[in-house]
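Asker: Everything below, folded, please.
(one chain, ligands or ions: 1)
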Amino acid sequence: MTEAVLVLNAGSSSIKFALYSLAEIAGMPHVRGKIESIRRAPVFKAVDRNGQELDKGSLGSIDVSSDHHELTAHLLDWVEQHDDGHEVVAIGHRVVHGGRDFSAPVQINREVLEKLKGFNSLAPLHQPNNLAPIEALFARDANVIQVACFDTSFHRTQTHLAELFALPRRFMEEGVIRYGFHGLSYEYISGALTKHLGDDAGGRIIVAHLGNGASLCAIENRKSVATSMGFTALDGLVMGSRCGTLDPGVVLYLMQERGMNADQIQHLLYNESGLLGVSGISNNMQVLLESDRAEAKEAVDLFCYRAASEIASLIVPLQGLDAIVFTAGIGENSPAIRAEICRNLNWLDIALDDRANAANKTIISTDSSAITVSVIPTDEESVIAKATRKLFLAGN
Ligand code: ADP
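Answerer: Residues are numbered from 1 along each chain as shown. Have a look, this model is predicted:
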């Protein structure tokens, strides 16, 4: 048997997985896949390392009522049947919130799990889903080695000022600070900078992770110095269905004048806002770019305007800018969005190479551009696999 690490990334409506052989952790996973549209119309997809589809649509008795516990058990059964001589020796999980306590990956035991549950209220839409597979796996095998890798950890190098909100100190002391998210993606990009940017890699870089969730990270010497998401993953950029930065007075208005309660406001800000809310059409950038409706264009323009404005504000903690890196679904695949964000930043003497941009090349700025602009595909799963292997080997 070949020893292997299984990576699980459990979100609200999907569970992604990837199986890496321990000896080839830096390479392609042996198999990867996901269960999508959980609780709506769940579908299972898996591909081997050559991109060949495996068993499309089949996952035992998967049905609409299956919760994350049941789906994790189904997934494990499937992996055991299709492991092709691989034995899972450790499982790595993406966990959104590590609070102030966890600034690095950690092996999970009951005590750690209880601490992580304590952060549920800080990320109500993500953390409980991240933790459900961990409990399901402990129920299956109490001795299984499980590792948690956090989206907040990478930002614990932020400056003190970047973490502070201008609230009375007692709130900071109880943990109301800017935690930041998408840290596993930023860690991957930070590790890939030397390969892609050469001499610029140690410089002042803003990474734009533009997916359904979207954020920016200001990186210097490969470490986070500031980020656009805050106490929760609601802050910062316009996202698929999240509003991003909002005048807190709007929340007071919704409560006092519109009589909305906390659950209603939470649903409005997380699920009905952003691209979806402004366009009234879709949370999906591709759909909006293909639409000829004025509302779709306005939502896209706002997304780009806000992304450029927030990029500009992160130049303050960096005190300058050497490179911008685009990543995640929109950042990696949309020349139009990259061009529009850069057009808003023209005053920085950015010059895009239109052909390179259209082809999603690694470097999409011209040689004469004052700022290097780059596209680097992210790979959060490989970051989790490496950290899990490290902790597994340390304990054996
Ligand atoms: P998640 O945050 O769920 O991981 P992704 O990183 O997969 O999200 O990004 C999803 C977003 O990427 C969607 O809005 C989708 O429309 C967008 N996207 C993917 N491909 C393209 C493309 N070719 N052009 C524009 N947008 C794209």
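
Asker: residues in the stretch 101-250 of the chain within reach of the ligand, list them.
Answerer: 211-213, 240 (Cβ under 6 Å from any ligand atom). (C-beta placed from N, C-alpha, C; glycine too.)

Asker: Surely E87 is within a strand?
Answerer: Yes - counting by DSSP: H, G, I helix; E, B strand; the rest coil, E87 is part of a strand.

Asker: Neighbours of it, how many?
Answerer: Using other Cβ atoms under 10 Å, E87 is surrounded by 12 other residues.

Asker: what do you get for the one 3 residues further on?
Answerer: The number of residues packed around A90, counting by other Cβ under 10 Å, is 24.

Asker: Could you tell me whether it really is in a helix?
Answerer: No - counting by three-state DSSP, A90 falls outside a helix, being strand.

Asker: Tell me how far it lies from the ligand.
Answerer: Per Cβ to the nearest ligand atom, to the nearest Å, A90 is found 24 Å from the ligand.

Asker: residues in contact with that residue?
Answerer: By Cβ atoms under 8 Å, 6 or more residues apart in numbering, A90 lies in contact with 5-6, 144-147, 388-389, 391-392.

Asker: Please apply the same query to P317.
Answerer: Applying Cβ under 8 Å, 6+ apart, the residues contacting P317 are 159, 162, 218, 225-226.

Asker: Torsion angles phi and psi at it?
Answerer: Main-chain dihedrals, P317, degrees, to the nearest 10: phi -60, psi -30.

Asker: can you pick the most crowded of the contacts of P317?
Answerer: Of all the contacts of P317, the highest neighbour tally under other Cβ under 10 Å goes to A218, namely 25 neighbours.

Asker: D83: how many residues sit nearby?
Answerer: Count around D83 with other Cβ under 10 Å applied: 17.

Asker: ok, now the one 10 residues further on?
Answerer: A total of 24 residues lie near H93 under the criterion other Cβ under 10 Å.

Asker: Next up, phi/psi of it, please.
Answerer: Backbone torsions of H93, given as degrees, to the nearest 10, read phi -120, psi 140.

Asker: same question, E70
Answerer: Reported as degrees, to the nearest 10, the phi and psi values for E70 are phi -60, psi -40.

Asker: name the element the residue in the stretch 251-396 of the chain that the ligand sits nearest to belongs to?
Answerer: Across the stretch 251-396 of the chain, no residue is closer to the ligand than G329, which sits at 2.0 Å (Cβ to the nearest ligand atom). Assessed by DSSP states H and E, G329 sits inside helix 328-333.

Asker: Who are the packing partners of that helix?
Answerer: Counting by 3 or more Cβ pairs under 8 Å, 6 or more residues apart in numbering; DSSP states H and E, the packing neighbours recorded for helix 328-333 are strand 204-210, helix 335-344.

Asker: Could I get the contacting residues of A299?
Answerer: 238, 275, 278-279, 281, 288 are the contacts of A299 under Cβ under 8 Å, 6+ apart.

Asker: Mind checking which of those residues are in helices?
Answerer: Within these, residues falling in helices by DSSP state H are 275, 278-279, 288.

Asker: Most widely separated two among the residues you listed?
Answerer: The two members of those with the most space between them (Cβ to Cβ) are V278 and L288, at 9.4 Å.

Asker: Which one's more surrounded, those two?
Answerer: Ranked by neighbour count (other Cβ under 10 Å), V278 and L288 place L288 first, with 22 against 19.

Asker: how much space is there between that one and I311?
Answerer: 21 Å (Cβ to Cβ, to the nearest Å).

Asker: for A148, same thing?
Answerer: Per Cβ to Cβ, A148 is found 31 Å from I311.

Asker: what's the answer for V95, then?
Answerer: For V95, the distance to I311 equals 28 Å [Cβ to Cβ].

Asker: Ok, N346 next?
Answerer: According to Cβ to Cβ, N346 and I311 sit 12 Å apart.

Asker: what's the answer for S12, then?
Answerer: Between S12 and I311 the computed distance is 28 Å (Cβ to Cβ).

Asker: Report how many residues lie close to the closest residue to the ligand within the stretch 101-250 of the chain.
Answerer: For the stretch 101-250 of the chain and the ligand, the shortest gap (Cβ to the nearest ligand atom) falls at G211, measuring 2.5 Å. Residues lying near G211 (other Cβ under 10 Å) number 18.

Asker: I figured it hits N333, correct?
Answerer: No - counting by Cβ atoms under 8 Å, G211 does not reach N333; the two are 10.1 Å apart.

Asker: how about I38, what does it touch?
Answerer: I38 makes contact with 12-15, 66, 68, 71, according to Cβ under 8 Å, 6+ apart.

Asker: which of the residues you listed count as buried?
Answerer: Among those, those that count as buried by neighbour count (16 or more other Cβ atoms under 10 Å) are 14-15, 66, 68, 71.

Asker: Which of those sits closest to the ligand?
Answerer: Lowest distance from the ligand to those (Cβ to the nearest ligand atom) belongs to S14, with 7.8 Å.

Asker: can you tell me how far that closest one sits from V7?
Answerer: Separation of S14 from V7 (Cβ to Cβ): 14 Å.
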